[in-house]
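Engineer: heads up, no residue letters with this:
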């Protein structure tokens, strides 16, 4: 990132007095991690900082809300505030009402998505960063240096570590680079309860989610050697009483099969509204494929929505995947 | 570790001319990773270095043998050599013949197991280290400093990174600390093909094993809040063409459910021969339970065999589990 952009962002954060922090709809570990971490740091800098998230925080991330004591805005909007959009490539995906966006004096866009369209008044979009939590960590380090203090304590570090490990698949994905490990090393020295974070994220599955995974694997299919698909229908969500947002990680079971290059998950949000998630292992650019259907994301992880039945969505997308892999 | 021990070890490695490197029986990622990494570094220091491993290298680690070009000793033993024992807590578990041990001028024992009994002439046992690969990495860094060269290149780094991530469950276990992440950060800067290593280790599941997992999860049941069971039948193994020994890890799906204390897996070896595996999470002694059925193991992982149908085995064992948990 250019130094000038960092300075502009720091000025904006240090000058402001009141902030509303939000992220993308269907929040994940990186959105909640970066949001809670930044909120705490802003409050430590004597700023007013509120969370606005219209979607529910996933159960396995609630510990971050408790840990950070992040204040969710209740009642009227503050008179003057800047809106900080974290981990969100597109203003339309922000998890807050139009009123919150329109009421903001300025929008500060902090993100790492390749597809980010720089919708903010200040845009700090580092496409090389593993996660928005990693960006926030290095911003806070810079502010700490400037203010000759140490902003990142154990609680903030726990939030940002959670974001880092969820977005990098616990350092497994290619986006985990030297800076990610440097951050993890420094966070270990600050001291966090890593075991408890890991237990919350990876070892406290709900029974119903495991039953849903079973159903998902029953639909697992290969298309040629190198494409694997999984389907999740409304009927499955209802049968197991699982929120259709709690499907994180399921697509990995398709991607992690030998010789599979692209994994695709078809999720029925409703009868004619299919959320398609795409992952690639080594070379395929799934962002380019998602863009053909009006979506986007990263080279190795992207998504789109198709307004059709799940059967038709499958036909459309798998044909496109085969074309991309020249099958 | 004490500086004196490090200096003694370095002297031993730098003075020696010929080494045989070995590790424990049933080698894992850390043993093969540290062994190939150290072997390459010794050869770079103009030493003769050979691998002796009487057990086969697991298929998913063969890439390290290719990458390192580690020479497996063929034919007669060298006249003079030191034996380097890596990642092995006990001389009896070394994966080489008595002749190899007896012929050695000295034994250099490099390990991180708490139980290591210091069987070597030189013992570098760091119980705080995540893995033997991490120890070898920091030794090589020290030698590099002394010799004003950079021993750890991309190939050596790949071997040691493999050891690091297999022994830390890809940084998930509590043994992954600041030094582990520091090593990973430095290795990223040296430059390795992390994606390819991850793919070899974690992302090459077979399709049929995933289908078996799906069937297994369909049988997942709770008995009260704190007992979860999974069943695997001969019919499933046959339908998916999976060896009934390839069920490693499946029981974890039952154990990693919130509130579950004991997980049990019933595996049909034949119609009247049921292998029962037991895992506990925090307090239950499953060894004691397995012993009631003529089996045994450890407090958190044990097993037994029941000569009856899977239905009867379930009735018997789950009744006993409920009794143990006072349900």
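Structural biologist: Yep, that arrived. As the structure is a computational prediction, the values presented were derived from the model and not from experiment.
Engineer: which other helices and strands contact the strand or helix carrying residue A:164?
Structural biologist: Element membership of residue A:164 [criterion: DSSP states H and E] is helix A:154-167. Under the contact definition 3 or more CB pairs under 8 Å, 6 or more residues apart in numbering or on different chains; DSSP states H and E, helix A:154-167 sits against helix A:29-44, helix A:62-68, helix A:132-147, helix A:178-190, helix A:194-202. Every C-beta, even on glycine, is put in place using the N, C-alpha and C of the backbone.
Engineer: do you know which of those lies nearest chain B?
Structural biologist: helix A:178-190 (3.7 Å; CB to the nearest CB).
Engineer: wait, residue A:296 sits on residue A:113?
Structural biologist: Yes - between residue A:296 and residue A:113 a contact is recorded at 7.5 Å, counting by CB atoms under 8 Å.
Engineer: let me know which of the helices and strands packed on helix A:154-167 is tucked in deepest.
Structural biologist: Of all the helices and strands packed on helix A:154-167, helix A:29-44 carries the top mean neighbour count, a mean of 27, counting by mean count of other CB atoms under 10 Å in any protein chain shown.
Engineer: now the helix holding residue A:164, how far from the centre of its chain.
Structural biologist: 12 Å (CA atoms, centre = their mean, to the nearest Å).
Engineer: quick one: end-to-end length of stretch A:199-207, please.
Structural biologist: 15 Å (CA to CA, to the nearest Å).
Engineer: quick one: contacts of that stretch?
Structural biologist: The contact list for stretch A:199-207, computed with CB atoms under 8 Å, 6 or more residues apart in numbering or on different chains, reads A:29, A:59-61, A:63, A:162, A:165-166, A:170, A:242, A:246, B:172, B:220, B:222, B:228, B:253, B:256-258.
Engineer: contact partners for residue A:121?
Structural biologist: Residue A:121 touches A:106, A:107, A:108, counting by CB under 8 Å, 6+ apart.
Engineer: can I get these in JSON lines with secondary structure, pLDDT and distance to chain B?
Structural biologist: Output for those, formatted as JSON lines (DSSP: H, G, I helix; E, B strand; the rest coil; pLDDT from 0 to 100; distance: CB to the nearest CB, whole Å):
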{"residue": "A:106", "secondary structure": "strand", "pLDDT": "97", "distance to chain B": "35"}
{"residue": "A:107", "secondary structure": "strand", "pLDDT": "98", "distance to chain B": "33"}
{"residue": "A:108", "secondary structure": "strand", "pLDDT": "98", "distance to chain B": "29"}
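Engineer: most surrounded residue in those?
Structural biologist: The member of the contacts of residue A:121 that has the most neighbours, counting by other CB atoms under 10 Å in any protein chain shown, is residue A:108 with 22 neighbours.
Engineer: reformat the helices and strands packed on helix A:154-167 as JSON lines; add mean pLDDT.
Structural biologist: As requested, these are exported to JSON lines (pLDDT from 0 to 100):
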{"stretch": "helix A:29-44", "mean pLDDT": "97"}
{"stretch": "helix A:62-68", "mean pLDDT": "93"}
{"stretch": "helix A:132-147", "mean pLDDT": "97"}
{"stretch": "helix A:178-190", "mean pLDDT": "98"}
{"stretch": "helix A:194-202", "mean pLDDT": "89"}
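Engineer: turn the ones you listed into CSV, columns for distance to residue B:216.
Structural biologist: CSV is the format used below for the helices and strands packed on helix A:154-167 (distance: least, CB to CB, whole Å):
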stretch, distance to residue B:216
helix A:29-44, 27
helix A:62-68, 29
helix A:132-147, 34
helix A:178-190, 33
helix A:194-202, 19
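Engineer: which of these sits closest to residue A:78?
Structural biologist: helix A:29-44 (13.3 Å; CB to CB).
Engineer: after the closest one, next one along is what?
Structural biologist: strand A:48-51.
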